[in-house]
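> okay, structure incoming, though there's no sequence with it:
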């Protein structure tokens, strides 16, 4: 059956009815409005019916428009997500060593300070592969198990004596329980206590030993001052003699204080390896020239032997000068009976070292039981003889700490009647 032509009356009626049906919801709402006006307002029923009929007629006559309701909703701004590596960036800004570990104690990140101080710790490996201190391992395990911060103090003696305060702290993410967070992390920070500990040790040494060493010359000075103020006030000869002795005692105290300060400075930086370049052969020549007058007064010959190969090493020139000056000075003072001392530079012949400096005297030597203690502070075999030769008991202690700072080794050998041999191995 053919559809009616759009211009025919039947077609117009069908179109009008379809428009009314399509707007049924709208018409129902309008009808409700008219009913409300009849019930609560003054609108008459007939007027309402006429008005509603007019609305229906308008809907039937007017073309159906497509009403598009567009709701513009401002796009929600995404929350600024903290990047996963933000803690790494923060760790890199710290001056102290810092590690970031995952829940299996695997190193996720090490800041530059940590890589310098702990070069054996590799990202991607458990931190305990390189740092095996039991107290540190226990602190990491406890922090991971309990989700609380742990703090320990680590004391290491190799390659040099150091102290570190280590804080192991859980890195908690907002809104996540520590124990169910599969991506939980730990942050480990290291703070050096080495300088503080060494200051404390120096203070203890000074109180225990230096005060004793200073008491004798101070007592002598007070006694001579009292004598000069009293019985010898007008005795020119006695005054000159006593003033000479007082000067010697004052020099002894000054030397003691200088050695204590030198030892303090060395210990403060013992854990920091020197970076300068030094020609050992030239340095040893300078040391010999500096002590030639002292050797002449003691009637001792200094024999220097240098090999022809390269003699450059890494170190602190002033400190190494102090090492060899101390050793040669001791050899002249305590080995003068042998009439000559030897100082030589040769290849080390030992793995990990390149140079060997040896100082040998041919004096009386010492008993073997004293040798291990010669590098202790204020240790003397014969205290009276040492004081007469203006020794402070700190020379070999200074030598030991300087050699340790240069990652070298010190060896002392002696037997009664055979003199003493001191070997310094340097990288």
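Cool, the structure landed. Quantities reported herein were computed from a predicted structural model and do not represent experimental measurements.
> outside of whichever strand or helix holds residue 412 itself, list whatever touches it.
Using DSSP states H and E, residue 412 sits in strand 409-414. Applying C-beta atoms under 8 Å, 6 or more residues apart in numbering, the contact partners of strand 409-414 are 353, 365-366, 368, 370-371, 374-375, 396, 399-400, 403-404, 420-425. Placement of C-beta: from N, CA and C, glycine included.
> show me what the helix or strand following that strand is packed up against.
The helix or strand immediately downstream of strand 409-414 is strand 420-426, counting by DSSP H and E. Strand 420-426 is packed against helix 317-334, strand 355-361, helix 395-405, strand 409-414, with contacts defined by 3 or more C-beta pairs under 8 Å, 6 or more residues apart in numbering; DSSP states H and E.
> which other residues reach the second one?
Spelled out, that is strand 355-361. Outside strand 355-361, the residues that touch it by C-beta under 8 Å, 6+ apart are 280, 284, 311, 313, 324, 327-328, 330-332, 334-335, 338, 341-350, 419-427.
> for that strand, what is the average pLDDT?
When pLDDT is averaged along strand 355-361, the result is 88.
> parallel or antiparallel, which strands does it pair with?
Strand 355-361 sits in its sheet next to strand 340-347 (antiparallel), strand 420-426 (antiparallel), going by DSSP bridges.
> what helices and strands are in contact with the lengthiest strand in the chain?
The residue-count maximum for a strand in the chain (DSSP state E) belongs to strand 162-171. The elements that strand 162-171 packs onto, with contact taken as 3+ C-beta pairs under 8 Å, 6+ apart, are helix 134-146, strand 150-156, strand 185-192, helix 194-205.
> repeat the analysis, applying 10 Å as the threshold.
If you count contacts as 3 or more C-beta pairs under 10 Å, 6 or more residues apart in numbering; DSSP states H and E, strand 162-171 packs onto strand 98-101, helix 134-146, strand 150-156, strand 185-192, helix 194-205.
> buried stuff in the longest one?
Put plainly, it is helix 134-146. By 16 or more other C-beta atoms under 10 Å, the buried positions in helix 134-146 come out as 136, 139, 140, 143, 144.
> from the residues you listed, pick the one nearest residue 250.
residue 136 (49.7 Å; C-beta to C-beta).
> for this structure, where's the lowest mean pLDDT among helices and strands?
Ranked by mean pLDDT, DSSP states H and E, the helix or strand of the chain with the weakest confidence is helix 383-388, at a mean of 54.
> one step back: among the buried residues of helix 134-146, which one sits closest to residue 46?
residue 144 (86.4 Å).
> where does the stretch 151-300 of the chain have low pLDDT?
Applying pLDDT under 70 to the stretch 151-300 of the chain flags the ranges 202, 205-206, 208-213, 267-271.
> which residues in it form helices?
For the stretch 151-300 of the chain, applying DSSP state H, counting those that start in this stretch gives helices covering 194-205, 211-229, 236-268, 280-290, 292-297.
> pick the most buried one from these.
Most buried of the helices of the stretch 151-300 of the chain by mean neighbour count (mean count of other C-beta atoms under 10 Å) is helix 280-290; its value is a mean of 17.
> how big is the angle separating that helix from strand 420-426?
Put simply, helix 280-290 runs at 140 degrees to strand 420-426, going by axes from the mean of the first three to the mean of the last three C-alpha atoms, to 10 degrees.
> residues making contact with helix 280-290?
Helix 280-290 is contacted by residues 279, 295, 302-313, 315, 317, 320-329, 341, 343-345, 354-357, 359, 424, 426 when judged by C-beta atoms under 10 Å, 6 or more residues apart in numbering.
> kindly recompute the last result at 8 Å.
So helix 280-290 is contacted by 302, 304, 306, 311-313, 317, 320-321, 324-325, 328, 343, 345, 355, 357, 426 (C-beta under 8 Å, 6+ apart).
> angle of that helix against helix 317-334?
Helix 280-290 runs at 50 degrees relative to helix 317-334, counting by the same axes, to 10 degrees.
> what is the closest residue to residue 104 other than its chain neighbours paired to in the beta sheet?
Counting by C-beta to C-beta, 6 or more residues apart in numbering, residue 126 is the residue found nearest to residue 104 once chain neighbours are left out, at 6.9 Å. On DSSP bridges, the residues paired with residue 126 through beta bridges are residue 106.
> count the residues that sit near residue 126.
Counted with other C-beta atoms under 10 Å, residues neighbouring residue 126 total 16.
> quick one: contacts for it?
Counted by C-beta under 8 Å, 6+ apart, residue 126 has contacts 104, 105, 106, 107.
> just the pLDDT for residue 310.
Among the per-residue scores, residue 310 shows a pLDDT of 80.
> can you check the one 5 residues further on too?
What the model reports for residue 315 is a pLDDT of 84.
> alright, I will stop here.
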